[in-house]
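1. sharing a sequence plus its predicted fold:
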Amino acid sequence: MIFPVVLGVRGAVNGVLSGRLTTGLHTGLVEASLRGNTRYYRMLLSSVFALSLVSSATIGLIVFSIGNVFYGVPLGDLPFIIYACVTINALAVFITAPITSLLGFLSYRRGMDPDIFVYPASSTVADILATVCYVITLSLVFWWGPAGRIAIALVSYGFCFIALLLTVLFGKEREYWRTIREALMAVFAVGIIEGLSGAVLSGVKAYIERYPSILVIYPALIDTVGDAGSIFGSLSTTRLALGTLDARMGAIKGGLGELLQVEIAALMMYAIYSGIAFIGEGSEACALAIILVYLIATLPIILASFSMAILTFTRGLDPDNFVIPIEMAFADSLVTSVLAMLVYLRVV
């Protein structure tokens, strides 16, 4: 129960960091260097640490509440669940934050657009590392017993101390509290979306599991659609910050060329997935179903990310705190729903 929720929160936090970092590089608020960077960059990292702590502790409470109501998880397990959630995210953020930053710095230095490169690359790395951190944390508990529980408790308290220290250093910055406040809204929205979709789609996913080849590429289907939305959304938030994009829905006409490029890139990936499904299942219908997922899901997610950027910006919010985390959660739900619907309707 913990793993998918923690993975979603980790992805949301990394989405906030990626969005703010790439926009900061374009606007000059962030230098393309890990050392000697701006105070804004240090404030951004500090707020990400605090965000990880608060969101993981809250998610731990939510996981326990669900487990207690539906599975009879005893109250005595509450500290362990919170420690586990905090430890997983603490280990992950210490590794993924520098990696995401380096990807942004290197791409910017080499003349690449970090809006296009950073989140798709860092999200894959972050998911892998979060999984490793999850395995390490549970291994400590189940292999070391009481000593393992003490270990994750110490890691949790250490992370709390670091987050509090960073809050003392940057707590006077209005942007620090704005980032935490707005990003927490996005993280909780992601938790609600994934929780509801998980409950509603849990039975639906059984249809997908009938086809092993599709099940293998299923995570890639979600990531590709989500990455398409994150790229266009990140490009939009940067242009809003630079003042080169009007904050109205009609302004999307100016980005039709980039939208088409993103669509073509996603289509190329889906063509590969379609080929894998055809080879694995020996069915043209399976290959067609993958292409239909692309046709049905990709454009709505891209448009949703653009709409979210415009909506949050016009409301006086920072769109980078919302766009990537929420559109990735929507992509997960939409791709799963479409794919399951196609299987249920025997298109496959």
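-> Everything's here; your move. Residues are numbered from 1 along each chain as shown.
2. CA only for contacts and neighbour counts going forward, please
-> Noted.
3. following the least confident helix or strand in the chain by mean pLDDT, which helix or strand comes up?
-> Scoring the helices and strands of the chain by mean pLDDT, DSSP states H and E places helix 205-208 at the bottom, with a mean of 66. Following helix 205-208 in sequence order, the next helix or strand is helix 212-242 (DSSP states H and E).
4. buried set for that next one?
-> Buried residues in helix 212-242, defined by neighbour count with 16 or more other C-alpha atoms under 10 Å: 213-215, 217-218, 220-241.
5. and if you look at stretch 243-258?
-> Using 16+ other C-alpha under 10 Å as the test for burial, stretch 243-258 gives 245, 247, 252.
6. TSV please, covering those and showing pLDDT and distance to residue 262.
-> As requested, the buried residues of stretch 243-258 are exported to TSV (pLDDT from 0 to 100; distance: C-alpha to C-alpha, whole Å):
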residue	pLDDT	distance to residue 262
245	93	18
247	92	21
252	93	14
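7. export stretch 49-58 as PDB, just CAs?
-> Taking C-alpha atoms only, stretch 49-58 is exported to PDB below (Å, rounded to 0.1, in the frame of the first residue of the first chain):
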ATOM      1  CA  PHE A  49      13.400  19.200   1.500                       C
ATOM      2  CA  ALA A  50      10.800  20.600   3.800                       C
ATOM      3  CA  LEU A  51       8.100  19.700   1.200                       C
ATOM      4  CA  SER A  52       9.300  16.100   1.200                       C
ATOM      5  CA  LEU A  53       9.200  15.900   5.000                       C
ATOM      6  CA  VAL A  54       5.700  17.300   5.400                       C
ATOM      7  CA  SER A  55       4.200  15.500   2.500                       C
ATOM      8  CA  SER A  56       5.700  12.100   3.400                       C
ATOM      9  CA  ALA A  57       4.600  12.400   7.000                       C
ATOM     10  CA  THR A  58       1.100  13.300   5.900                       C
END
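8. what about stretch 65-83, average pLDDT?
-> When pLDDT is averaged along stretch 65-83, the result is 81.
9. what do you get for stretch 32-40?
-> 90.
10. centre of the chain versus that stretch, how much separation?
-> Put simply, stretch 32-40 sits 24 Å off its chain's centre (C-alpha atoms, centre = their mean, to the nearest Å).
11. please apply the same query to stretch 118-125.
-> 9 Å.
12. per the record, what domains does the protein have?
-> Domain assignment of the chain by automatic domain parsing yields the ranges 1-202, 203-348.
13. distance from the last one to the middle of the chain?
-> Same thing as domain 203-348. Centre-to-centre, domain 203-348 and its host chain are 13 Å apart (C-alpha atoms, centre = their mean).
14. for the first one, same thing?
-> Remark: domain 1-202 is offset 10 Å from the chain centroid, using C-alpha atoms, centre = their mean.
15. separation between residue 325 and residue 38?
-> To residue 38, residue 325 is 25 Å away according to C-alpha to C-alpha, to the nearest Å.
16. same check on residue 335?
-> Going from residue 335 to residue 38 by C-alpha to C-alpha gives 39 Å.
17. could I get the buried residues of stretch 243-258 as TSV with distance to residue 315 and secondary structure?
-> Converted to TSV, those look like this (distance: C-alpha to C-alpha, whole Å; DSSP: H, G, I helix; E, B strand; the rest coil):
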residue	distance to residue 315	secondary structure
245	16	coil
247	10	coil
252	18	helix
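18. can I get these in CSV including distance to residue 70?
-> Shown next, in CSV, are the buried residues of stretch 243-258 (distance: C-alpha to C-alpha, whole Å):
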residue, distance to residue 70
245, 48
247, 45
252, 45
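19. closest to residue 53 out of those?
-> residue 247 (33.1 Å; C-alpha to C-alpha).
20. next, the contact list for that closest one, please.
-> Counting by C-alpha atoms under 8 Å, 6 or more residues apart in numbering, residue 247 touches 240, 310, 313, 314.
21. measure residue 90 to residue 48 for me?
-> For residue 90 relative to residue 48 (C-alpha to C-alpha), the value is 11 Å.
22. ok, residue 156 next?
-> Taken as C-alpha to C-alpha, the span from residue 156 to residue 48 is 16 Å.
23. buried residues in stretch 126-135, which are they?
-> Using 16+ other C-alpha under 10 Å as the test for burial, stretch 126-135 gives 126, 127, 129, 130, 131, 133, 134.
24. just put the residues you listed in TSV and tack on pLDDT and secondary structure.
-> Shown next, in TSV, are these (pLDDT from 0 to 100; DSSP: H, G, I helix; E, B strand; the rest coil):
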residue	pLDDT	secondary structure
126	80	helix
127	80	helix
129	82	helix
130	81	helix
131	82	helix
133	86	helix
134	84	helix
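25. fine by me, we can end here.
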